[in-house]
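# Just to be clear, the model below is a prediction. Sequence and coordinates:
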Amino acid sequence: MIDEFTTDENCAIALDSRDTLSEFREQFYLPEKGTIYLDGNSLGLLSKQAEISLLRVLDEWKIHGINGWLDIEKPWFYYGERLGAMAAPLVGALPEEVVATGTTTINLHSLVSTFYQPIGTRTKILADELDFPTDIYAIKSQIRLQGLNPEEHLVLVPSDDGRTIDEKNIVDSMTDEIALILLPSALYRSGQLFDIPYLTQEAHKRNIPIGWDCCHSVGAVPHKFDEWDIDFAFWCSYKYLNSGPGGTAFLYVNKRHFHKIPGLTGWFGYVKEKQFDMSLEFEHAKSAGGWQISSSNILCSAPLEGALETILKAGIDNIRKKSIKLTSYLIYLIDEILTEKPYNFVVGTPRDPNKRTGHVALEHDKEAKKISESLKHYGVITDFRHPNVIRIAPVALYNSFHEIWQAVQIIKNIIDRK
Ligand SMILES: *Cc1c(COP(=O)(O)O)cnc(C)c1O
């Protein structure tokens, strides 16, 4: 792939002209003219379809009031299940194994409280030390709720280089004291993508249930949850799925586990046909929908419908293909232009495309924060992650190769001028 890249601007233009997804850029609202938005792994942009579905639902509320729940063409009552079924192909699941509900951290609590059953000497949860902090906070509180001490019962696989986690070390930590494994599909800083089928298989060989936080991969990377036989997963929808700030999240429960009683129960997890019987005996739906807790947050779900339509139309395999090309091109330009003195940047993301998700970690030892702020000043939106990482996420649906070329020139200029 490297062979087709040069540092010349014409190369970027040629790559754009061969881009089969280029038409999708027009279907998004790109921020103010002149800005280069490379932060879709933190907050994806608004698409026209997402705006349409949001406005439709607002109209439904305006026109139908309470009847929106049951007596309109697409009743809100089934919205979580419908959006789950729409998203299922993105993760290789059956429609009834996915539901749009709650938020990421809430879904983590709900699923961990279901699958974490410490018994005898099997009492610990295995995670890794480069996890997104909310996952660790939530896991610790789940351990405390079992009357156990997180200092003893949370095992964090260490990182050898501060960027990535060696999968062999994860497997070595799967001892007979581990009651549950919870890992991210991709690390939020370096973008390392884990081999989910391999780690799932190793966990299951040892009879340990395993769940995945897929915030940093769904919408950028295709998954095959059923084929890989993972136990559960959850992910947000506002990053690569473009549902908007605070958009409704997702959860997946493997159908093998539909009979399990959800750890956190609420009336929206009730068997749908009988929910309005208002019985005090809880009976959960035997689907991912059984893990819903509260009334669906309809207005935070509505943009997701249009956002998913756009992604499904583009096709997740096409998205992944272009995403790999975008990150490969970015890494190539960094290597060629920004690694020598006086630039001194380092690529902190795995170079094997199968080992990374949709962003590239550009590291700079002392000045990363300042450079990230300076980039914003020049209209390039990235984000800084403590202590030394500038995350750059070129998104297949709306970023161009030329924007990457421009961003690298701007980074070079920032250093040249200083
Ligand atoms: C973005 C992200 C979250 C966010 O959690 P919220 O509950 O949606 O605020 C959680 N985990 C990971 C790995 C993330 O990247």
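That came through, no problem.
# beta partners for residue 252?
Beta-bridge pairing of residue 252 under DSSP bridges involves residue 98, residue 233.
# how close does it sit to residue 84?
Using Cβ to Cβ, to the nearest Å, residue 252 is found at 8 Å from residue 84. Using the backbone N, CA and C atoms, a C-beta is placed for each residue, glycine as well.
# and what of residue 33?
In this view, residue 33 and residue 84 are 37 Å apart by Cβ to Cβ.
# likewise residue 282?
From residue 282 to residue 84 the distance is 21 Å (Cβ to Cβ).
# Settle it for me: which of these two has more neighbours?
Per other Cβ atoms under 10 Å, whichever of residue 282 and residue 84 has more neighbours is residue 84, with 26 against 14.
# correct me, but that one touches residue 289?
Yes: counting by Cβ atoms under 8 Å, residue 289 is a contact partner of residue 84 at 7.3 Å.
# The helix or strand harbouring residue 211: what's the following helix or strand?
Per DSSP states H and E: residue 211 is located in strand 210-213. Per DSSP H and E, the first helix or strand lying C-terminal to strand 210-213 is helix 225-228.
# Centre of the chain to that following helix, how far?
What separates the centre of helix 225-228 from the centre of its chain is 17 Å, taken as Cα atoms, centre = their mean, to the nearest Å.
# any idea which strand is longest in the protein?
Scanning the chain for the strand with the most residues, using DSSP state E, yields strand 178-184.
# List the neighbouring strands of that strand plus their orientation.
strand 124-128 (parallel), strand 210-213 (parallel).
# which one of those lies closest to the ligand?
Evaluated over the strands paired with strand 178-184, closeness to the ligand peaks at strand 210-213, with 4.7 Å, by Cβ to the nearest ligand atom.
# So which residues make contact with the closest one?
By Cβ atoms under 8 Å, 6 or more residues apart in numbering, the residues outside strand 210-213 that reach it are 104, 108, 111-112, 115, 131-132, 135, 180-185, 196, 199-200, 203-204, 230-235.
# Now for residue 252 and residue 84: what residues contact both?
97-98, 288.
# Residue 103 contacts residue 245, doesn't it?
No: counting by Cβ under 8 Å, residue 245 is not a contact partner of residue 103; they are 11.5 Å apart.
# Neighbour count for those two, which is higher?
Neighbour totals were compared for residue 103 and residue 245, and residue 103 leads with 19 against 9 (other Cβ under 10 Å).
# Identify the residue nearest that one in space, chain neighbours excluded?
residue 249 (5.0 Å; Cβ to Cβ, 6 or more residues apart in numbering).
# same deal with residue 35?
Nearest residue to residue 35, sequence neighbours excluded (Cβ to Cβ, 6+ apart): residue 379, at 4.2 Å.
# Mind pulling the model confidence for the one you found?
Looking at residue 379, its pLDDT is 96.
# quick one: the strands in the stretch 301-418 of the chain?
If DSSP state E, counting those that start in this stretch is used as the criterion, the strands of the stretch 301-418 of the chain fall at 346-347, 360-363, 380-381, 383-385, 389-392.
# per-stretch mean pLDDT over those strands, give me the minimum one.
strand 383-385 has the lowest average pLDDT among the strands of the stretch 301-418 of the chain, namely a mean of 93.
# What strands line up against that one, and which way round?
Paired strands of strand 383-385, with direction, are strand 389-392 (antiparallel) (DSSP bridges).
# and the partner strand, how far out from the chain's middle?
Its chain's C-alpha centre and that of strand 389-392 lie 16 Å apart, by Cα atoms, centre = their mean.
# Check stretch 83-100 too.
Taking Cα atoms, centre = their mean, the mean C-alpha location of stretch 83-100 is offset from the chain mean by 15 Å.
# avg pLDDT for it?
The predicted model assigns stretch 83-100 a mean pLDDT of 98.
# who's in contact with that stretch?
Stretch 83-100 is contacted from outside by 79-81, 214, 218-219, 222-228, 233, 237, 241, 248-255, 287-289, 291-292, 296, 301, 304-305, 308-309, 311-312, 316, using Cβ under 8 Å, 6+ apart.
# Please report the distance of residue 285 from residue 266.
Distance check for residue 285 against residue 266: by Cβ to Cβ, it reads 12 Å.
# Who has more neighbours out of the two?
Set side by side, residue 285 and residue 266 show more neighbours around residue 285, with 22 against 16, by other Cβ under 10 Å.
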